[in-house]
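J.: Provided below for reference: sequence and predicted model.
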Amino acid sequence: MKIPSLTEITTKAESAFKRFPITLVWSILGSLYCMSIVGDSSLDLFEDKSNVLLTLSLGISWLIGIQFFVEQFKNKKKWLWLKVVVLALLGLFYWYYPSVYHYTQNPIYLTRFFLYLIAGHLFVLFAPFLVKWDKNAYWNYLNLTGVAITRSLFFSGILFLGLVLALIAIEALFDINIKRRRYGQLFIFCLGIVNTWIYLADFPKNVMQNTTIQLNKAIEVLVKYILIPLVILYLLILYAYSAKIVIEWELPKGWVSYLVIALSVLGYVIQIIINPIQKSIKSWTINRFFPWFYLLLIPLNILLFVAIFRRINDYGITENRYFVLAIAIWNVAMIAYILLSKKKALRTIPISLFAIAIFSSFGFWGAHSVSNASQTRQFEEIFNKVKENNNTASQSELYQLKSILTFLEERKKVTNLNSVTQLNIEDFREEGYEYNTFGYLNKYKIWKKLDIKLDSASLTNNASSNRIYYNKSNYSNVKLSTSIADYDYFTYLNYYNTNKTIDAGVYDILLDMNTIEIDIYTKKDSLKHIRIPIKQKLLELSEKTDNLNNLDDSNFNFTTENKTMKINLFLSEVSFNIKTDKKITFTSFKAFLFIKEK
């Protein structure tokens with residue numbers, strides 16, 4: 001890799017700014033904004049400004065892509081209005097995107113952000129070739145894009161590492177305390193400004209005129225000795241698994257879908273790399289990669305669809321299954337196109353993926369609308385079946401009903417179930433706490449109102465479990481509704497995984513993981529003993545929500561007394577798995593404990 005001179009760097013930087021003024025101003029101002037708000041914790045950056053930050057990060061690829069698109073026309077000024085359209089759409093995204101407190105409660109926002117982010121990067125891969133097409137020029141374009149990205153990351157990474165070491169040296173040699181936020185600001189500067197500027201400075205103009213293929217030896221080695229052997233390995237694994245399915249006559253596991261898709265994508269990457277030189281290069285594996293790879297993919301795609309439709313038939317469509325199904329259909333279309341098309345314009349691959357990303361983000365055909373409708377139908381089918389069975393549900397049916405309710409609640413679509421349950425689900429929403437300003441849905445009351453009974457005969461020893469958690473481990477966040485002066489002793493309990501006796505001065509304190517009780521003994525007088533039962537209350541709380549942080553802190557105060565002692569216990573952190581047979585397994589348990597002897 002050639003190291004550029006200072007003169008070359010400044011010349012390229014000036015040229016890049018003249019060519020991409022909007023993109024670089026966006027990147028510079030956005031990076032400076034991020035640097036101004038970054039705190040000592042990496043999480044501080046997203047505390048209140050997530051909508052601004054995500055919009056800024058989204059804009060880079062779209063602004064680069066629209067510049068590449070405009071450059072393919074002779075009269076570029078005629079198409080400058082498209083840049084205004086992109087800026088307007090970015091402003092619309094910022095207006096649409098809520099604050100962090102809202103989007104964490106609804107996955108639709110983050111899903112759409114990632115879809116538009118992926119679409120923006122795909123747009124860069126075909127923007128200069130949307131109107132005109134040349135196979136060799138496109139191959140060189142992708143090659144130069146990869147080189148530009150590699151160079152920019154390498155140079156900006158070296159600069160960041162060097163400046164970090166300089167700051168560390170200053171701290172060590174001059175006893176100067178440098179705030180942690182400076183390292184974060186330095187990272188943003190190198191990634192947002194230096195990296196983007198170097199990338200744009202490296203990218204050549206007039207890409208349609210660059211039609212001479214010069215295959216780098218390193219790329220040839222990568223394809224021949226790494227990528228194609230990996231493809232062969234995955235093909236052997238999947239065909240062996242297919243043989244196992246046929247022999248044992250069982251349905252394929254759901255995760256096999258991801259492996260088939262990953263294999264297909266790897267094959268398309270190889271096809272793009274070798275496309276212009278496949279027939280001219282002296283390599284048996286490269287010469288025969290097409291069409292044999294795509295012919296061998298056809299049986300595996302049958303396996304792929306069987307696996308997908310098995311999950312959809314059992315559990316309905318979710319966003320994940322929607323995208324897997326969409327990519328599976330796209331995969332079949334690409335195989336057919338590559339095998340049957342004479343032109344084989346490989347820009348079709350990123351263009352078609354771009355279309356999927358955009359069109360799946362909205363409308364009644366989009367991922368969220370289809371998923372919500374499918375899960376509502378799934379709930380209705382199971383609910384009606386349970387009603388016909390004297391309001392009795394099996395373990396799996398009850399688990400599915402609860403999962404669907406949680407799914408729709410996360411997407412703020414629980415009212416879809418009103419006509420099914422004959423309840424106004426929103427009536428069961430109670431006052432919110434903490435970040436959940438909308439209030440939490442009291443699922444415990446919903447199930448109690450529906451009066452669905454669990455068929456005990458359906459319970460298994462391997463009953464599935466839900467993870468329940470509550471975390472207020474920061475002392476200052478725990479609301480202790482008691483006066484320390486009223487008690488003789490205070491300690492902080494900390495348990496992990498197993499039974500443990502804590503030696504707390506004059507007391508021995510044991511958490512029994514089997515009975516889920518805390519026993520407190522006075523060392524000097526064995527008759528002074530008290531037990532705190534906590535299992536039943538945790539079970540009741542877990543019926544309301546998996547995230548106990550949604551509940552008021554008063555729910556986590558345990559008070560008990562007998563003739564010898566009075567106890568007040570405040571949970572600060574608890575994490576446990578609860579099975580449908582009501583068995584609790586703790587992973588962590590922390591609490592404030594107050595003791596008063598009588």
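T.: That came through fine.
J.: Walking through the stretch 351-500 of the chain, point out its helices one by one.
T.: Taking DSSP state H, counting those that start in this stretch as the test, the helices found in the stretch 351-500 of the chain are 367-388, 395-410, 418-421, 443-450.
J.: Take these and lay them out in a markdown table including distance to Arg182, mean neighbour count and mean pLDDT.
T.: Placement of C-beta: from N, CA and C, glycine included. Output for those, formatted as a markdown table (distance: least, C-beta to C-beta, whole Å; neighbours: other C-beta atoms under 10 Å; pLDDT from 0 to 100):
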| stretch | distance to Arg182 | mean neighbour count | mean pLDDT |
| --- | --- | --- | --- |
| helix 367-388 | 41 | 18 | 94 |
| helix 395-410 | 38 | 19 | 87 |
| helix 418-421 | 54 | 14 | 92 |
| helix 443-450 | 46 | 16 | 82 |
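J.: Any chance of CSV for the ones you listed, columns distance to Ile188?
T.: Putting these into CSV (distance: least, C-beta to C-beta, whole Å) gives the following:
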stretch, distance to Ile188
helix 367-388, 32
helix 395-410, 31
helix 418-421, 47
helix 443-450, 41
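J.: residues touching the nearest residue to Val194 once chain neighbours are set aside, list them.
T.: Leaving out its chain neighbours, the residue that sits closest to Val194 by C-beta to C-beta, 6 or more residues apart in numbering is Ser156, at 4.4 Å. Applying C-beta atoms under 8 Å, 6 or more residues apart in numbering, we find Ser156 in contact with Cys190, Leu191, Val194, Asn195, Ile198.
J.: Those residues: which two are farthest apart?
T.: Leu191 and Ile198 (11.0 Å; C-beta to C-beta).
J.: More neighbours: which of the two?
T.: Between Leu191 and Ile198, counted using other C-beta atoms under 10 Å, Ile198 has the larger neighbour count: 23 against 18.
J.: doesn't Ser152 make contact with that one?
T.: Yes - at 4.0 Å, Ile198 counts as touching Ser152 under the criterion of C-beta atoms under 8 Å.
J.: three-state assignment of the residue nearest to Val194?
T.: helix (DSSP: H, G, I helix; E, B strand; the rest coil).
J.: Now do the phi/psi pair for Phe203.
T.: phi -80, psi 120 (degrees, to the nearest 10).
J.: ok, now how distant is it from Ala326?
T.: 31 Å (C-beta to C-beta, to the nearest Å).
J.: Please identify which of those two sits among more neighbours.
T.: More neighbours surround Phe203 than the other of Phe203 and Ala326, with 22 against 17 (other C-beta under 10 Å).
J.: ok, now which ones touch the more buried one?
T.: Leu144, Thr145, Ala148.
J.: Any chance of a markdown table for those residues, columns secondary structure?
T.: Formatted as a markdown table, those follow (three-state DSSP):
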| residue | secondary structure |
| --- | --- |
| Leu144 | helix |
| Thr145 | helix |
| Ala148 | helix |
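J.: Filter these down to the buried ones and hand me the ChimeraX line.
T.: In ChimeraX, this line selects whichever of the contacts of Phe203 come out buried by 16 or more other C-beta atoms under 10 Å:
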select :145,148
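J.: Asp314: helix or strand, and which one exactly?
T.: Using DSSP states H and E, Asp314 maps to helix 289-315.
J.: chain center to that helix, what's the gap?
T.: 25 Å (C-alpha atoms, centre = their mean, to the nearest Å).
J.: That one vs helix 367-388, what angle?
T.: Put simply, helix 289-315 runs at 40 degrees to helix 367-388, going by axes from the mean of the first three to the mean of the last three C-alpha atoms, to 10 degrees.
J.: quick one: buried residues of helix 289-315?
T.: 289-290, 293-294, 296-297, 300-301, 303-305, 307-308, 311-312, 315.
J.: want to try JSON lines for the contacts of Phe203, with distance to Ile584 and pLDDT as columns?
T.: Compiled in JSON lines, those are given as follows (distance: C-beta to C-beta, whole Å; pLDDT from 0 to 100):
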{"residue": "Leu144", "distance to Ile584": "59", "pLDDT": "87"}
{"residue": "Thr145", "distance to Ile584": "54", "pLDDT": "88"}
{"residue": "Ala148", "distance to Ile584": "55", "pLDDT": "88"}
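J.: Looking at stretch 560-574 now, give me its mean pLDDT.
T.: Stretch 560-574 shows a mean pLDDT of 84.
J.: For it, list every residue counted as buried.
T.: Applying 16+ other C-beta under 10 Å to stretch 560-574 flags Thr560, Met565, Lys566, Ile567, Asn568, Leu569, Phe570, Leu571, Ser572, Glu573, Val574 as buried.
J.: Likewise for stretch 190-210?
T.: Result for stretch 190-210 [16+ other C-beta under 10 Å]: buried residues 190-203, 207-208, 210.
J.: Export only the CA atoms of that stretch, formatted as CSV.
T.: Below are the C-alpha coordinates for stretch 190-210, written out as CSV (Å, rounded to 0.1, in the frame of the first residue of the first chain):
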residue,chain,number,x,y,z
CYS,A,190,-10.8,9.9,13.4
LEU,A,191,-13.8,7.9,12.3
GLY,A,192,-16.3,10.6,11.4
ILE,A,193,-13.9,13.2,9.8
VAL,A,194,-10.6,11.7,8.9
ASN,A,195,-11.9,8.3,7.7
THR,A,196,-14.7,9.8,5.6
TRP,A,197,-12.4,12.4,4.1
ILE,A,198,-9.8,9.9,3.1
TYR,A,199,-12.4,7.5,1.6
LEU,A,200,-13.9,10.3,-0.6
ALA,A,201,-10.5,11.6,-1.6
ASP,A,202,-9.5,8.1,-2.8
PHE,A,203,-12.5,7.6,-5.0
PRO,A,204,-11.8,8.3,-8.7
LYS,A,205,-14.1,10.2,-11.1
ASN,A,206,-15.3,8.9,-14.5
VAL,A,207,-15.7,5.3,-13.4
MET,A,208,-17.4,4.3,-16.6
GLN,A,209,-14.2,4.9,-18.5
ASN,A,210,-12.2,2.6,-16.3
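J.: and it, average pLDDT?
T.: Regarding stretch 190-210, the rounded mean pLDDT is 87.
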